[in-house]
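Colleague: I would like to see how this sequence folds:
(one chain, ligands or ions: 1)
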Amino acid sequence: MGTANRKIVLGLLLLLSVAGLIVVIKATLPREQPETLQERAKQQVRDELAKEITTPTGIEMVLIPGGKFSMGGEADIDSRPVHEVSVSSFYMDKYELTQEMYERIMADNPARRQGQKNPVEQVRWSDAIRFCNARSAKEGLQPCYDLKTGECDFRADGYRLPTEAEWEYAYRAGTKGNYYFGSDPGNLKDHVWFKGNSRGRHHPVGQKRPNPYGVFDMAGNVREWCNDWYQVDYYRQSPITNPRGPVKGEKKVLRGGAWSTQAESCCSWMRYCDDPGFTDACIASDDYGFRCVRILSILARPEADRRSSNTSGSPT
Ligand SMILES: [Ca+2]
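Modeller: Numbering: from 1, shown residues only. As a prediction, this is how the structure comes out:
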């Protein structure tokens, strides 16, 4: 072999060695990891987007992908100012809790107007959180509520009531009108059971059109309890990210219209409140119901952390 040929062969061998070295280095390097928990949660949403789940107790839930939105409305003193809010992804019940579902977990049906597929009503806020904890326990999840104080552990992986921000974000589903189907109350009858079409009672869930996230009866049928204490000027001091309402209060927030309310009460931004009913003196209403939410498993407190935690009833 001549000198020139030896140089070519040596050059080729060198190139092959370098290429091999690069392959080995790439293979041994750790894979690129998402940097934060929120980014990994977003990845989980991307992986699971468009998926609906049916939980072990047979209740359908819809994944609500987190994001930002303009919360509130300028028409009422307690819904001003409109402000930017960001919420993390979560699962939400596709329907209002039905009497059948409530009875399955609680072995009781408090509804005044009976109907297995109709929303459970005559439930106070304190009843709703008892249901949340019982549903969590039935599925082996960590209950969110301290039933004595009503405090919520937002990192528990069990069921809880939506925050007011989560509820409005899910209702709006990326829309900006008074309703998720625009601002014309003339279209209400296709989407909502309200005073104008209810014939004086609630109706089986899921009979009207869903919102863009595939969630039913957000605007009407029964009003829905939220986790937050009510405060008339809370929006003036609300944090931007995952607001959870005032620390204290006397009444809890209710959202959405009901079979008994006028069209304007079904707006996305309209706020209501009532006594949470920690004492038996508080009478429940037959147009109050609720639905539950659950955080993504990746955002829940790790098992080991839970076991060592002594603050399971405290908000985080
Ligand atoms: Ca409703």
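
Colleague: Which pLDDT value goes with the residue nearest to Cys267 when sequence neighbours are not counted?
Modeller: With Cβ to Cβ, 6 or more residues apart in numbering as the criterion, Cys267 has its nearest non-adjacent residue at 4.6 Å, and that residue is Asn178. C-beta coordinates here come from the backbone N, C-alpha and C atoms, glycine included. If you check Asn178, the pLDDT there is 95.

Colleague: which residues touch Asn178?
Modeller: Neighbour list for Asn178: 73, 185, 267-269 [criterion: Cβ atoms under 8 Å, 6 or more residues apart in numbering].

Colleague: Keep only those of these that are in helices.
Modeller: Residues of the contacts of Asn178 located in helices (DSSP state H): none.

Colleague: circling back: and the residue nearest to Cys267, how far from the ion?
Modeller: Asn178 sits 16 Å away from the ion, going by Cβ to the ion, to the nearest Å.

Colleague: Tell me the most packed of the contacts of Asn178, by neighbour count.
Modeller: Greatest neighbour count in those, by other Cβ atoms under 10 Å, goes to Ser268: 27 neighbours.

Colleague: correct me, but Gly277 touches Ile129?
Modeller: No - using Cβ atoms under 8 Å, Gly277 makes no contact with Ile129, being 10.2 Å away.

Colleague: who has more neighbours, these two?
Modeller: The neighbour count for Gly277 versus Ile129, taken as other Cβ under 10 Å, is higher for Ile129 (27 against 20).

Colleague: Check the gap between the residue nearest to the more buried one when sequence neighbours are not counted and Ala134 for me.
Modeller: Of all residues not flanking Ile129 in the chain, Tyr145 sits nearest, at 4.5 Å (Cβ to Cβ, 6+ apart). Distance, Tyr145 to Ala134, by Cβ to Cβ, to the nearest Å: 10 Å.

Colleague: Which one of these two is surrounded by more residues?
Modeller: Tyr145 (26 against 18).
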